[in-house]
Every structure is written in structure tokens, then in C-alpha cells.
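Undergrad: what would the 3D arrangement of this be:
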Amino acid sequence: MVTECLSTGSPSPASVWAAPFRVALIQDERSLDSPAWNALADRAPFRQHEWLAAWWSHLRGPRDELFLLAVYDADDQLVGLAPWYLACERWLGRVVRFLGSGRVCSEYLSVLAAPGMAPQVVGRLAEWLTEEGGGHWDLLDFDGVAQDDWLLGQLADELSVAGHSIYRRVRGRTWRLHLPRSWDDLLGRLSKSRRGKIRAQERRFLDTGRATVKSVTDDTTLRQGLEVLHRLHQARRESLGDDGCFTVPRFERFLEDAAGRLLQAGQLRLLWLEVESQPAAVEFDLLGGDTLYYYQTGMNPDLAEISPGWLLQIASLKTAIADGLAYFDFLRGDEEYKSTWGAEPRPLVQIRIAARRPLARMRQRLWIAALQGKTRWQNRCGKKDS
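TA: Okay, the predicted model is just below:
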């Protein structure tokens, strides 16, 4: 869907409410301390300083510039933050994206606002992007964000009213499981045959001690866990004909850095399953509030016949319920196992906002035309092959 609106010349209600608020462009992350940042993130790990600062340290491009927009109230208190960076691209111009974008697949990235301050923060950001900061950017490209994110949706609407060109499209789904109070309650939601298979796996491996679950608790076990993750993730991906994430050295350095930061914050859960003392499966999870985020996994393909990944998932879900968590978020991707646990899909979208200058709007139209042409070509090829 493409939306292009001309400015009415009248400020929106949110912009009026935001009048006393000040926006500062911060290009040195050390100018914004992590406690102030994290206070706005509401324990969502992908939005926190630990994750995003590690991403910026290891995965930014050589020409990328930090583009943090901090919103302060009349008392000079930080009440909002847009954790962005600026990339200069030949065909698109100056593109603003979220820190954490790209291959890392950070989920639920968003503009941050203090409780009760969302309308004012959005209104002031829209005003700054149109007026004081209007010459700094050509395109805002927010890819893979939650469709029901009110802040981003409202920001797009505000900028549309101001005359910028807005484009939205669906871009996949995440899957979230609402956890019951007990493991038996979760099993009771499943089919009889699946419940029986899970019980059999528990009796055969977990109850007998043939399989044990190890977890990271300190720097020593963190190094061990990361080594297991690297080895089993690569083994599994290579068995499927894929390169795997750890073929990119910068990604490995990023994940090691982020893991250390999140361990100190008490938000890392790195587990691995050993079957008869041999590492069989591993998972890298993030904790935030009442939710566990199931981020990355690995499995020993030589043990595929005993389904070690599924076995660790059973242990992981049992632990999450025992810890009193409310949600188990499987994140992005439509793998079948997610729905079989009862997880529900949550749509993701891409929001592209082109500045109201003629050149930026023309680039947006050309990009959309190329995308639509590619889609038509793929549809034609699909019909021929069917």
C-alpha cells in the first residue's frame, strides 16, 4: 500500500502537545548513558543499549553514522529515543534505519517513549524530521517491525500529514506462545499423539538422566556455551546446505559481545543439551520482562534420529513455565513446529517514508515500481512452473 499526502499546513494534535519538547541529534553513543536508554526500553532486549551498542560496535558499515534522536521534556528529562543510524547509499540517498537491522534479525525494534509520553514523543519527532532535521535524511526504512506498533504507525501517519511519502507492506511474521501455569496445562492443549511423543521423549532421556541440560552462569560457562553454539549451529546449517551465521566473523564478534553484556544484565539464557556427555543441541535465548525470546539454535546432525533439538525445546519450555514467564516468543519465521506448540502469529511490516523533497519522492516511486515489477515477474514464473 502506498500513501502520499500533501501537508495541510496545520500542525497535528500530537505536534501541538509536543511543543515544549526538545529533540537532540546524538552522533556519539557515549553521550547517552545506558541506564537512561534502558529505562525507556521496558526490558525488551532487542531495544536495549546492550544489544544495540554491540551491533553498532561490530556490524555498522564503514560509512554509517549514528543518528540517535533523543527527546527531552521541559525539565530536560529524557522521555523518548529513536535508536537509528544513517547510511549513505548511491541510489536511495541518506537512509535512516534502526540500529540492529539486517542479518541479525533483531525483533520488535521501535521508537522508545516514557510511560504516558508516546503521543508527545511521536509528535515532536515528526516535527523535527520535517522542520529542523528535514535536510538530514532522504528515506526512513523500518523493515520487519511489528504491524501493531502504535508508535511507528503513528509516526508514519504524522509524517504523511506533513507531506512525506509513505509505503507499507507485510514482511513475514513472528510467533508467540502464551505460557500456562504448568507444564501439564501446556501438554493438555496439544493433540493426544503429540502429547504422547513428548512424554516418551521425557521418559527416555530427561527422566533417566541420559540427557542433561547445561546453562551459562558466568564468564567461564559463557565461553563454553558460545563454543557449543558456534559448533552445533554451523554443523546443522551445513547439513542443510546453508553457510550459517558464524561464517561472518563480525557476527560472531557481535554475538559474543552482546552475550557478555546481557549476561551481566541477567537477560541471557544460553542452554545446551548433552546426551551421554556429548553436546547434542543448543539454544541462545534472551530474557525481557515476562517473555523469553528464542533467538538462535544449533543441533548435532549425527544425532538427528533422537531429535535433540526438539528434546531441548521441551526442556526449555518446561524451564520457562517453572520460572513463571508468561510468553515464549519463537521470533521470526513460519517453521511448522511453532504452530504445533500453539504459538500465534504476529505480522511484521516494512514502513518506508520518503522525505517530501521531489528527488526523495521520485526515488520512492522508482523503488516501488521495481518491486512491483519483480513481484509480477515472480508470479508469472510461478504460474508457468505450476
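
Undergrad: what residues sit buried inside the helix or strand harbouring Pro119?
TA: If you go by DSSP states H and E, Pro119 is part of helix 118-130. Across helix 118-130, burial judged by 16 or more other Cβ atoms under 10 Å covers 118-130. In short, each C-beta sits where N, CA and C put it, glycine included.

Undergrad: pick out the residue closest to the middle of this protein.
TA: Glu107 (1.2 Å; Cα atoms, centre = their mean).

Undergrad: mind checking the SS state of it?
TA: Per DSSP: H, G, I helix; E, B strand; the rest coil, the secondary structure class of Glu107 is coil.

Undergrad: quick check: the gap between it and Leu152.
TA: Between Glu107 and Leu152 the distance, using Cβ to Cβ, to the nearest Å, works out to 13 Å.

Undergrad: how about Val349?
TA: 9 Å.

Undergrad: shared neighbours, these two?
TA: Val145, Ala146 (Cβ atoms under 8 Å, 6 or more residues apart in numbering).

Undergrad: which elements pack onto the longest strand seen in the chain?
TA: Assignment by DSSP state E gives strand 165-178 as the longest strand of the chain. For strand 165-178, the elements it packs on are strand 2-4, strand 139-146, helix 150-161, strand 327-332, helix 336-340, strand 344-354, helix 358-385, judged by 3 or more Cβ pairs under 8 Å, 6 or more residues apart in numbering; DSSP states H and E.

Undergrad: that strand: which residues count as buried?
TA: In strand 165-178, counting by 16+ other Cβ under 10 Å, buried: Ser165, Ile166, Tyr167, Arg168, Arg173, Thr174, Trp175, Arg176, Leu177.

Undergrad: can you add distance to Asp290 and pLDDT and give the residues you listed back as CSV?
TA: Formatted as CSV, those follow (distance: Cβ to Cβ, whole Å; pLDDT from 0 to 100):
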residue, distance to Asp290, pLDDT
Ser165, 38, 96
Ile166, 33, 96
Tyr167, 34, 96
Arg168, 29, 96
Arg173, 21, 96
Thr174, 16, 97
Trp175, 17, 98
Arg176, 11, 98
Leu177, 12, 98
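
Undergrad: from those, pick the one nearest Ala355.
TA: Ser165 (8.1 Å; Cβ to Cβ).

Undergrad: without its sequence neighbours, what residue ends up closest to the closest one?
TA: Once flanking residues are discounted, Ser165 sits nearest to Ala354: 4.1 Å by Cβ to Cβ, 6 or more residues apart in numbering.

Undergrad: give me the element Arg231 is part of.
TA: Secondary structure from DSSP H and E places Arg231 in helix 219-239.

Undergrad: please identify the buried residues of that helix?
TA: Buried, per 16+ other Cβ under 10 Å, within helix 219-239: Leu222, Gly225, Leu226, Val228, Leu229, His230, Leu232, His233, Gln234, Ala235, Arg236, Arg237.

Undergrad: could you measure from Met299 over to Gly241?
TA: Met299 is 15 Å from Gly241, by Cβ to Cβ.

Undergrad: now the buried residues of helix 219-239 as a markdown table including pLDDT and distance to Arg261?
TA: Putting the buried residues of helix 219-239 into a markdown table (pLDDT from 0 to 100; distance: Cβ to Cβ, whole Å) gives the following:
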| residue | pLDDT | distance to Arg261 |
| --- | --- | --- |
| Leu222 | 98 | 11 |
| Gly225 | 97 | 15 |
| Leu226 | 97 | 13 |
| Val228 | 97 | 20 |
| Leu229 | 97 | 16 |
| His230 | 97 | 18 |
| Leu232 | 97 | 23 |
| His233 | 96 | 20 |
| Gln234 | 95 | 23 |
| Ala235 | 94 | 27 |
| Arg236 | 93 | 26 |
| Arg237 | 92 | 25 |
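
Undergrad: and those, which two are furthest apart?
TA: Leu222 and Arg237 (22.0 Å).

Undergrad: neighbours of Pro62, just the number please.
TA: 4 (other Cβ atoms under 10 Å).

Undergrad: helix, strand or coil for it?
TA: Once three-state DSSP is applied, Pro62 turns out coil.

Undergrad: for it, grab phi and psi.
TA: phi -60, psi -20 (degrees, to the nearest 10).

Undergrad: give me the pLDDT for it.
TA: Pro62 is assigned a predicted lDDT (pLDDT) of 93.

Undergrad: same question, the one 5 residues further on
TA: According to the per-residue confidence, Phe67 scores 97 in pLDDT.
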